[in-house]
Each structure stands twice: as C-alpha cells, then as structure tokens.
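K.L.:
quick one, fold the following:
(one chain, ligands or ions: 2)
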Amino acid sequence: MTPSDYPPRSLLYVPGSNARALDKAAGLAADMLIIDLEDAVPADRKAEAREAMRAAVTAGFPGKRVAVRVNATGAAEQADDIAALSGLAIDAVVLPKVDAPLDLDPLRGLGLPIFAMIETPTAIYTARDIAADPAVAGLIAGLNDLAHELKLPDGMDRGAMSHAIQAIMLAARAGGVWGFDGVYNAIDDAAGFAAEAAEGRRLGFDGKTLIHPSQVDPCNTAFAPSEREIAAAEALVTAATGGAQRHDGRMIEDMHVAAARALLERAGRA
Ligand SMILES: CC(C)(COP(=O)(O)OP(=O)(O)OC[C@H]1O[C@@H](n2cnc3c(N)ncnc32)[C@H](O)[C@@H]1OP(=O)(O)O)[C@@H](O)C(=O)NCCC(=O)NCCSC(=O)C[C@H](O)C(=O)O
Ligand SMILES: [Mg+2]
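P.N.:
Ligands and ions are numbered 1, 2, ... in the order given. Reported below is the predicted structural model:
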C-alpha cells in the first residue's frame, strides 16, 4: 500500500481473539481489516490473539488490505505485538493512543505505513505533528477513548466532540495523510449509522472505522460517489472553460474542476 493508492472507505476491526470473526472477515466487503490486539482483546487472551492474528494473516485475506492494531506505546504487551508482526505481509500497522511523534518510535523498524489513532485531549493538540511524521499514512479518530478522557456525561456525543473531530481532519489534510472517522457503537441502529457515515464524509474523512459486518456495505456506499454526484461532476467538467464562471447557478473555478475530476477518477468514470 502506498499513499498514492485510494484510501480504504471501510476499515473493519476484527478482534484477534475472536476466531469466528476472523473467519467471517474474509468474506466481507470491507476495504481494510484491522485485526485488533488492543482493546477488543481481554488482558488474559493477548498471547492467544497474537497467535490467531499470525495464523489468519498467513492464511491470507484475498483482495483485502490488512492492518494490525498493536497495543499502545508504553503498554507491556506492545513489544510482543511488534515481534508477532515479523515476516507478515500486512499493509499497515495501527497504533492507538498516539500523543506525540515519539510514540511512533517502537514501530519505525517495521517499515510499514502507520495509522495513528488520535484519541486523547493531548493528541488533539499534537495531531498536526503526528500527521506530519513521514512514517504516518493516516489518522484514525478514536472517539470512545476521547469521550472517556473528556468525561462526557453522555458518552459518545459527537456534538460535544465536534471541535476535536474537525481538528483530526484538519491535521490529516495539513500533513497530507488520510483521515478515518471513529466507530459507531449502536450496531442495531442502521439509520443512525448511515447518518453518521454521511456526516463523516461531509467532514472530509476518507473512510470510517467499523465494528460489525452489518456496517460494511452502508459504509462503502456512504464513502463512494453517488450517481447524482457523478452526473454533476461530469456536467461541471464538460462546462468548465477555465477561471471563474457561472455554472448551474453558482460560481466555479479551477479547484472545483479539479475536485470533479478527482471524484470521477475515484468512481472509475474519468
Ligand atoms: C460488537 C460485537 C461484540 C457484537 O458481537 P455479536 O453480538 O456476537 O455479533 P453478532 O452475533 O451480530 O455477529 C454476527 C456474525 O458476525 C460476526 N462478527 C461480528 N463482529 C464481527 C467483526 N467485527 N468482524 C468480523 N465478523 C464479525 C460474528 O462472529 C457472527 O458470525 P457468524 O456467527 O459466523 O455468523 C462484535 O461485533 C465485535 O466484537 N466487534 C468488534 C469490536 C472491536 O473490535 N472493538 C475494538 C475496536 S473499536 C475501538 O476500540 C475504537 C477506538 O479505539 C475508540 O476508542 O473509539
Ligand atoms: Mg480507543
């Protein structure tokens, strides 16, 4: 995976300790699997999860990008997690609770793109430096932890975290890396998920992290250009003459043409 590849739209966490989920993941349409060795795995099953992760990655997930989330820098399990990645063909490593570029140091030797999770108040202020680090290919919002750290009375309240969510995306773009939205915990609330995924795309996120198979297809739809967007982009590119002009009742300039071309390329319609 290189930064010039398209960003994954759907990134599904799969607990390393859940054999059924690891099995099921191979048949899902997620663009990327994130095999989790951190919070989804009970403390007394970390070694077992590492072994299962190694076996699953070695068996392969054809057609999918695969990342592994290791434990945070400073956690006792991290060294064993990193050792367990040795010789595995994965596309990225996800590092939780990154507060500063220094936290990336234990992972640098892997030579893999790092997706850094921004999930503490400190990280909201250092996200720009983290995104600017050459080892970082993307930022992931960790909103469960952020809500916890902020002591939000209503838990995962995106309204109360709107400044932080936008700061993550600003930092990602300032650093020229991808940005991925946080997870939606209410797995049975399809309408709520669709609304949150649409909001994430509107805020500029490239994709969204997921926790359940039922979220994969709606996520791919939310982060793919719609037919209406494609038609509008085609009309804009056809009408563009360069510089400022009126098109469909609004002003367009060259950056709008560039955005329309990028959307068409992403949709395979360039
Ligand atoms: C949330 C869950 C615990 C729900 O589990 P469960 O009720 O058992 O799910 P279902 O019975 O509906 O599952 C149906 C089938 O789908 C498979 N499944 C479920 N989840 C996954 C998955 N994530 N990947 C692949 N397959 C999955 C089940 O095995 C069933 O299969 P089958 O029986 O063969 O039909 C559970 O969904 C879950 O554990 N999700 C992931 C949780 C996780 O990884 N959490 C950590 C990441 S989230 C996070 O930490 C974000 C961030 O750090 C932050 O701070 O916000
Ligand atoms: Mg977290």
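K.L.:
in the stretch 1-150 of the chain, which spans are helices?
P.N.:
Ranges of helices within the stretch 1-150 of the chain are 19-25, 46-59, 78-84, 105-108, 121-132, 143-150, based on DSSP state H, counting those that start in this stretch.
K.L.:
could you export the ones you listed as JSON lines, including mean neighbour count, distance to residue 165 and mean pLDDT?
P.N.:
(C-beta placed from N, C-alpha, C; glycine too.) Shown next, in JSON lines, are the helices of the stretch 1-150 of the chain (neighbours: other C-beta atoms under 10 Å; distance: least, C-beta to C-beta, whole Å; pLDDT from 0 to 100):
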{"stretch": "helix 19-25", "mean neighbour count": "16", "distance to residue 165": "27", "mean pLDDT": "98"}
{"stretch": "helix 46-59", "mean neighbour count": "18", "distance to residue 165": "29", "mean pLDDT": "98"}
{"stretch": "helix 78-84", "mean neighbour count": "17", "distance to residue 165": "27", "mean pLDDT": "98"}
{"stretch": "helix 105-108", "mean neighbour count": "16", "distance to residue 165": "25", "mean pLDDT": "98"}
{"stretch": "helix 121-132", "mean neighbour count": "19", "distance to residue 165": "9", "mean pLDDT": "98"}
{"stretch": "helix 143-150", "mean neighbour count": "19", "distance to residue 165": "7", "mean pLDDT": "98"}
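K.L.:
wait, a strand at residue 246?
P.N.:
Yes. When the secondary structure is assigned by DSSP: H, G, I helix; E, B strand; the rest coil, residue 246 falls within a strand.
K.L.:
so it bridges to which residues?
P.N.:
Counting by DSSP bridges, residue 246 forms beta bridges with residue 251.
K.L.:
nearest residue to residue 156 other than its sequence neighbours?
P.N.:
residue 147 (5.1 Å; C-beta to C-beta, 6 or more residues apart in numbering).
K.L.:
give the contact list for the closest residue to residue 47 other than its chain neighbours.
P.N.:
Counting by C-beta to C-beta, 6+ apart, residue 80 is the residue found nearest to residue 47 once chain neighbours are left out, at 7.3 Å. Residues in contact with residue 80 (C-beta atoms under 8 Å, 6 or more residues apart in numbering) are 46, 47, 50.
K.L.:
of those, closest to ligand 1?
P.N.:
Proximity to ligand 1 was ranked across those by C-beta to the nearest ligand atom; first place goes to residue 46, at 13.7 Å.
K.L.:
hang on, the earlier thing: next up, the contacts around the residue nearest to residue 156.
P.N.:
Residue 147 makes contact with 155, 156, 157, 160, 161 under the criterion C-beta under 8 Å, 6+ apart.
K.L.:
who wins for proximity to residue 252 among the helices of the stretch 1-150 of the chain?
P.N.:
helix 121-132 (29.6 Å; C-beta to C-beta).
K.L.:
any part of that closest one near ligand 2?
P.N.:
No. Helix 121-132 lies apart from ligand 2 when judged by C-beta under 5 Å from the ion; the minimum separation is 11.0 Å.
K.L.:
residues touching that helix, excluding its own?
P.N.:
By C-beta under 8 Å, 6+ apart, helix 121-132 touches 97-101, 104, 116, 118, 136, 139, 146, 149-150, 164, 167-168, 170-172, 174-177.
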